[in-house]
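Undergrad: with the input below, show me the fold.
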Amino acid sequence: MKHIIKVIIPAYNEEASIGLVIKDIPEIVSEVIVVNNNSTDNTISIAKEAGATVLTEERKGYGYACLLGMNYISKQSRSLGTKPDIIVFLDGDYSDYPEELSKIIAPIIEKDIDFVIGSRVSELREKGAMTTPQIFGNWLATNLMKLFFNAKFTDLGPFRAIKYDKLLTLNMEDKTYGWTVEMQLKVLKKNYSYVEIPVNYRNRIGISKVSGTVKGAIFAGVKILLWIFKYSFKK
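TA: Presented below is the predicted three-dimensional model:
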C-alpha cells in the first residue's frame, strides 16, 4: 500500500539552504510544501525551482506558516477527494537530515504509531548545532512534561511526523514559538501513541531566527512554558 506523504517546511530567508533541503527529501514524498514566511531574499524562487509547492504567509511566526500549510492541504484534500496519510514537518535551514525522513515515518507505517519526533540526541549532534539555551530549554520542557503528564519525550525537535487524521483532531492554534510543544501536549492529552527516533543534527546554514537572538530565545522559552502550565491545570 502506497502512503500519501506531505512535507511542510516553514521558511524565512532560507535561500542558501532551502534547495538543499528539498533535494534531499526522499522520493516517497508526494508533495513538498514550502511556506515562505515573509522572506526578503530568493527563498521563493529557489524553492519553486527545486520542485516545491510554495505558499506565502506574510504574518511572521512558525505556527502561522505551519497552519497555512495545513489549510492548503485541507482545501486540496476536499478538492481532490483524497487526503494524505502522513504529514511531516521539517525546518528549512538544513540542520536536519531530510533523507532521514524514511526512518521518521517508519513507526507510523510499520507499527501504526500516531506521532513521531526526530530526537536530536547528543551523540548524533554536531558540536554547536544547538545552543546552550536550546539544550536547557529542551531539558526543562521535557522534564516538566514528564512531571505533569508522565511523558517520555526528550526533545522538542521540529523534524516530526504525524498521521494526518490525528493532526486534524489536535486543533493546532499557536502562531509562533509554541507550535512544537503545543503539538506534543495535545498528543499527550489525547493519549495518542508516540515514539522518538534518534536523528542526526548539524549546524544550520545561516543564523537562527529564534535561538540566534536573545529576544527570540526568551520569547520561545516563555511561550513553551506557558503552554506546559496551561495544560497542567486544564482538565
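Undergrad: chain center to the helix or strand hosting Val7: distance?
TA: Element membership for Val7, per DSSP states H and E: strand 5-11. Taking the mean of its C-alpha atoms, strand 5-11 sits 8 Å from the chain's own mean (Cα atoms, centre = their mean, to the nearest Å).
Undergrad: how about residues contacting it?
TA: Counting contacts by Cβ atoms under 8 Å, 6 or more residues apart in numbering, the residues outside strand 5-11 that touch it are 18, 21-22, 25, 28-37, 39, 43, 47, 52, 62, 65-66, 69-70, 73, 84-92, 101, 105, 164. In this view, the C-beta of every residue, glycine as well, is placed from N, C-alpha and C.
Undergrad: and for stretch 94-101?
TA: Looking at what lies outside stretch 94-101 - Cβ under 8 Å, 6+ apart - the contacts are 7, 17, 20-22, 24-26, 28-29, 88, 90, 118, 129, 158-159, 161, 199-205.
Undergrad: show me where pLDDT drops low in the chain?
TA: For the chain, applying pLDDT under 70 flags the ranges 208-220, 232-235.
Undergrad: all helices of it, in order?
TA: In the chain, the segments counted as helices under DSSP state H are 18-23, 43-49, 62-80, 101-111, 132-149, 164-169, 179-189, 214-232.
Undergrad: and of those helices, who's closest to Thr56?
TA: Across the helices of the chain, Thr56 has its closest neighbour in helix 43-49 (7.3 Å, Cβ to Cβ).
Undergrad: packing partners for that closest one?
TA: If you count contacts as 3 or more Cβ pairs under 8 Å, 6 or more residues apart in numbering; DSSP states H and E, helix 43-49 packs onto helix 18-23, strand 31-36, strand 53-56.
Undergrad: buried residues in the last one?
TA: The neighbour-count check on strand 53-56 (16 or more other Cβ atoms under 10 Å) flags 53-55 as buried.
Undergrad: distance to Leu147 added to those, as TSV?
TA: Listed next are the buried residues of strand 53-56 as TSV, based on distance: Cβ to Cβ, whole Å:
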residue	distance to Leu147
Thr53	41
Val54	41
Leu55	38
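Undergrad: which one of these is nearest Lys146?
TA: Closest approach to Lys146 among the buried residues of strand 53-56 (Cβ to Cβ): Leu55, at 35.9 Å.
Undergrad: can you tell me the closest non-neighbouring residue to that closest one?
TA: Spatially, and ignoring its direct neighbours in sequence, Leu55 is nearest to Val35 (5.0 Å; Cβ to Cβ, 6 or more residues apart in numbering).
Undergrad: again with Asp41
TA: Excluding its sequence neighbours, the residue lying closest to Asp41 (Cβ to Cβ, 6+ apart) is Glu15, at 4.3 Å.
Undergrad: next: Thr53.
TA: Excluding the flanking residues, the one nearest Thr53 by Cβ to Cβ, 6+ apart is Ile33, at 4.9 Å.
Undergrad: ok, now which ones touch that neighbour?
TA: Contacts of Ile33 by Cβ under 8 Å, 6+ apart are 6-9, 52-55, 69, 72-73.
Undergrad: also Arg120?
TA: 129-130, 155, 157, 199, 201.
Undergrad: show me the contacts for the closest residue to it other than its chain neighbours.
TA: Ranked by Cβ to Cβ, 6+ apart and with sequence neighbours excluded, the top spatial neighbour of Arg120 is Tyr201, at 4.2 Å. If a contact means Cβ under 8 Å, 6+ apart, then Tyr201 has 95-97, 120, 124-126, 129-130 as its contacts.
Undergrad: report the two of the residues you listed separated the most.
TA: So, the contacts of Tyr201 by Cβ to Cβ: farthest apart are Tyr97 and Met130, at 14.8 Å.
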